[in-house]
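In: generate coordinates for the sequence data below:
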Amino acid sequence: MNILNQSFDTPHDTAPFSKINITDYVPAFDAAIAETRQEIDAIVQSTEEPNFENTIAALSFSGMQLDRISNIFFNLHSAETNDELDKIANEVAPKLAELGNDITLNFALFEKIKQVYDKMDSLNLTEEQKTLLTKNYRDFVRNGALLPEDKKQTLRDIDSELSVLKLKFGEHVLADNNAFQMLITNPDELEGLPEGTIEAAKEMATEAGLEGWLFTLDYPSYIPFVTYAKNRERRKEITLAAGKKAYQQNDNNNEEIVLKIVNLRHQRAQLLGYASHAHFVLEERMGQDPVQVTNFLNDLLAKGKPAAEKEFKELCEFAKELDGLENLEKWDGSYYTEKLKQQRFNLDDEKLKPYFQLEKVLAGAFEIAHRLYGLNFNEVHNIDKYHPDVQTFEVKDDEGELVAIFYADFFPRKGKRNGAWMTSFKSQYQKAGKDERPHVSIVCNFTKPTASKPSLLTFNEVLTLFHEFGHALHGMLANTVYPTLSGTSVFWDFVELPSQIMENWCYEEEALKLFAKHYETGETIPMEYVEKIKESAAFMEGMATVRQISFGLLDMGWHGQDPSAIQDIKAFEVEKFASTSLYPDVQDNAMSPSFSHIFNGGYSSGYYSYKWAEVLDADAFDYFKQKGIFNKEVADKFKENILSKGGTAHPMKLYKQFRGQEPSVDALLKRAGLI
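Out: Modelled structure (predicted):
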């Protein structure tokens, strides 16, 4: 019997990673897909009159075993992959796409849903049940339930092709990322780099059997290099390599894939009666439609660009004054920004890092969650893990009741993709009188401890940890009946509110005192540093804002219109970046071929949501600030109306229940120093 197709005999029903063989996955997927089909058939073939329980609830609870297997497999495919898992992913992706289509294009199933939907007003449903029913009905319509048979087949073909293209896109980016290595053998070329970065590069070279110092495009290696290395040629070399990912004449080139993806998405949207992919996506977002999103971005651009241009001019003048630099290029930006920041605030990451030992920062996040939401984190060693680096925690409330299982995976390794993310191995839901608690994970790429130092975080990495932990709280505190509405299952431009609001505590003295303690002396971070952290938060915020807006506009460019006339990716990007570009263009670099968020992640037509969520988080935190950052009344309102509710009601309704009003953009502009 395949371990993945049975209930797990493990503490809290956690995933039995060490007992899973790689050969288990494909048969497990096949069996769970077959089981899901049977569950759907049972709903369709039932002779009872369709009602909420036998149709809508039954559908929500179908495919639970498949979800479980998918969560385990695809989480490992991101955090601990290898060639075999890549092959399996390519094999199962089309099967899952086909099953998804078979369900959403099942007309008999849709007719039953429609029967329940048509009499919704007379059914005496809870708000959560009404939301679920409406969502199911719309999901079917949005996925072709009203299409004639021949067009349904076209839709299936498009979805199947897209599922494979997206995987290939990600594999190409990772392959180009992993293929680049910059070996430095001359110690003079390390000038300016922090001691920890040099030590890590030395260890990496030794592991690779090389003499010298090895740098890669992985963030813990790349970011410090472009930020601190004095050697301009080497900065240029690594920056150009990053900008060329999947945009080189090799097997990993993604140009054709990008054009295929955007055209297939457009065809799909048109087939379903939408003007563009963005019109299709934004119907289920707070952003509503491409015009509204573009107006939002352009409105922010109008307010942010004067500040950005002023900052860029200042940076150019500073680089000229310091090093006689005539033209500031992309590979100079981080370096001179850091130099100017040090001069202005006398504050650099190296000064701050000793105060941000990973274990203490994590303990600080736990303590803040305790003060706000009454959560207690206890590390346990009886829960199976997929890698020795992973830590596991039981999360309980003050009454000792289990709230969640929490996994934390912090260090880079070969089989792990770049960046940071939150995910879950099991959703929260309530069934047969039992509240099933979620298993939530955060995955990051922080510098590993070395022989002489623990893992010390840059302030940006502290923000990253708190950000992902905010997503995790959204998952952990879920309190809904139906798994498809639980936790982070919310409108995409609402999902970043719980994560981004958590970052705010990193700037507050009251919170920093809890965890920012020197790893050698135990001394609390000096308050002058805290003041400088706060001041420097708005440093170059105009440029940062314009950069984010540029990505949102590029996304809307690809997805808010008919892309069939676009032939040249580079030319298209230059046109889309015209209103936001500050640095000279680099001819052999392009962003789209490695813009994983919109081509391989879930952000297509949604990249604007980072900025939109900043508006929400600035406005929401403003409320905390008015009452006190650990104010229990505000925290309870946030927990009750935002964190626990998942997707059970429209996000604007939930937000207004928490805040008492709609969000205002002013708090963000004020925080960013733009007004």
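In: show the pLDDT at residue 598.
Out: Note on residue 598: pLDDT of 96.
In: do the same with the one 10 residues further on
Out: Residue 608 is assigned a predicted lDDT (pLDDT) of 94.
In: quick one, what contacts it?
Out: Listed by Cβ atoms under 8 Å, 6 or more residues apart in numbering, the contact set of residue 608 reads 287, 293, 296-297, 493, 552, 555-556. Yep, even glycine has a C-beta here, placed from its N, CA and C like the rest.
In: looking at those, spot the one nearest residue 276.
Out: residue 556 (9.5 Å; Cβ to Cβ).
In: what helix or strand is that closest one on?
Out: Residue 556 is part of helix 541-559, with elements assigned from DSSP states H and E.
In: picking that back up, what's the closest of the contacts of residue 608 to residue 230?
Out: Relative to residue 230, the closest of the contacts of residue 608 is residue 552; by Cβ to Cβ it sits at 33.8 Å.
In: picking up where we left off before, ranking the contacts of residue 608 by neighbours, who comes first?
Out: Most neighbours among those, by other Cβ atoms under 10 Å: residue 293, with 29 neighbours.
In: quick one: that one and residue 278 touch, right?
Out: Yes: look at residue 293 against residue 278 with Cβ atoms under 8 Å: they come within range, at 7.4 Å.
In: what touches both of those two?
Out: 556, 560, 605.
In: now distance to residue 625 and pLDDT too, for those, in JSON lines please.
Out: Shown next, in JSON lines, are those (distance: Cβ to Cβ, whole Å; pLDDT from 0 to 100):
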{"residue": "556", "distance to residue 625": "32", "pLDDT": "98"}
{"residue": "560", "distance to residue 625": "36", "pLDDT": "97"}
{"residue": "605", "distance to residue 625": "33", "pLDDT": "96"}
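In: gap between the two ends of stretch 451-464?
Out: Length of stretch 451-464, first residue to last, Cα to Cα, to the nearest Å: 25 Å.
In: over to stretch 486-500?
Out: 19 Å.
In: which strand residues bridge the most centrally placed residue in the chain?
Out: The centroid of the chain falls nearest to residue 421 when counting by Cα atoms, centre = their mean (4.9 Å). In this entry, residue 421 is beta-bridged to residue 443, by DSSP bridges.
In: okay but it is in contact with residue 442, surely?
Out: Yes: contact criterion Cβ under 8 Å: residue 421 and residue 442 qualify, at 7.4 Å.
In: intersection of neighbour lists for those two?
Out: Listed as contacting both residue 421 and residue 442 by Cβ under 8 Å, 6+ apart are residue 468.
In: and the strands in the chain?
Out: 182-184, 213-215, 375-379, 391-397, 402-409, 421-426, 429-431, 434-436, 439-443 (DSSP state E).
In: touching, residue 14 and residue 440? I think so.
Out: No: using Cβ under 8 Å, residue 14 makes no contact with residue 440, being 11.6 Å away.
In: so between these two, which is more surrounded?
Out: Taking other Cβ under 10 Å, residue 14 and residue 440 do not tie; residue 440 has more neighbours (31 against 19).
In: pull the longest helix from the protein.
Out: helix 290-323 (DSSP state H).
In: picking that back up, please enumerate the shared neighbours of residue 14 and residue 440.
Out: 405, 425.
In: what lies in contact with stretch 555-570?
Out: Stretch 555-570 is touched from outside by 247, 255, 258-259, 262-263, 265-266, 276-279, 281, 290, 293-294, 297, 572, 575-576, 587, 590, 592-593, 595, 598, 603-608, with contacts defined as Cβ under 8 Å, 6+ apart.
In: just the residues you listed: which are in helices?
Out: 255, 258-259, 262-263, 265-266, 277-279, 281, 290, 293-294, 297, 572, 575-576, 598.
In: buried stuff in stretch 140-158?
Out: Buried residues in stretch 140-158, defined by neighbour count with 16 or more other Cβ atoms under 10 Å: 140-145, 147, 152, 155-156, 158.
In: now it, how far from the centre of its chain.
Out: Averaging C-alpha positions (Cα atoms, centre = their mean, to the nearest Å) puts stretch 140-158 29 Å from its chain's average.
In: between the two ends of it, how far is it?
Out: By Cα to Cα, the extent of stretch 140-158 from end to end equals 16 Å.
In: for that stretch, what is the average pLDDT?
Out: 91.
In: output the contacts of residue 608 in a markdown table; the columns should cover distance to residue 19.
Out: Shown next, in a markdown table, are the contacts of residue 608 (distance: Cβ to Cβ, whole Å):
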| residue | distance to residue 19 |
| --- | --- |
| 287 | 44 |
| 293 | 46 |
| 296 | 49 |
| 297 | 49 |
| 493 | 40 |
| 552 | 44 |
| 555 | 42 |
| 556 | 46 |
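In: just the residues you listed now: which is nearest residue 639?
Out: Using Cβ to Cβ, residue 493 is the member of the contacts of residue 608 that lies nearest residue 639, at 21.0 Å.
In: surely that closest one touches residue 288?
Out: No: counting by Cβ under 8 Å, residue 493 stays clear of residue 288, with 9.7 Å between them.
In: give me the pLDDT value at residue 189.
Out: For residue 189, the model assigns a pLDDT of 98.
In: please renumber the chain so that the first residue is 363 from this point on.
Out: Yes, from this point I'll number from 363; that puts the last item at residue 551.
In: thought it was touching residue 599?
Out: No: using Cβ under 8 Å, residue 551 is not in contact with residue 599; the gap is 10.4 Å.
In: hmm, back to that, out of the contacts of residue 970, flag the one nearest to residue 743.
Out: residue 855 (39.1 Å).
In: nearest spatial neighbour of that closest one, skipping sequence neighbours?
Out: Nearest non-adjacent residue to residue 855, counting by Cβ to Cβ, 6 or more residues apart in numbering: residue 971, 3.6 Å away.
In: contacting residues around that neighbour?
Out: Residue 971 touches 647, 649, 854-855, 857-858, 965, counting by Cβ under 8 Å, 6+ apart.
In: filter the ones in helices among the contacts of stretch 917-932 to the buried ones?
Out: For these, buried by 16+ other Cβ under 10 Å: 620-621, 624-625, 627-628, 639-641, 643, 652, 655-656, 659, 934, 938, 960.
In: distance of residue 551 relative to residue 964?
Out: Look at residue 551 and residue 964: by Cβ to Cβ, to the nearest Å, they are 40 Å apart.
In: the more surrounded of those two?
Out: Remark: of residue 551 and residue 964, residue 551 carries more neighbours, 17 against 10, as counted by other Cβ under 10 Å.
In: hmm, residue 981 is touching residue 1030, no?
Out: Yes: counting by Cβ under 8 Å, residue 1030 is a contact partner of residue 981 at 7.3 Å.
In: TSV for the strands of the chain, including distance to residue 690?
Out: Listed next are these as TSV, based on distance: least, Cβ to Cβ, whole Å:
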stretch	distance to residue 690
strand 544-546	22
strand 575-577	22
strand 737-741	45
strand 753-759	42
strand 764-771	37
strand 783-788	32
strand 791-793	53
strand 796-798	54
strand 801-805	35
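In: please identify the most buried of those.
Out: strand 801-805 (a mean of 25; mean count of other Cβ atoms under 10 Å).
In: that'll do, ta.
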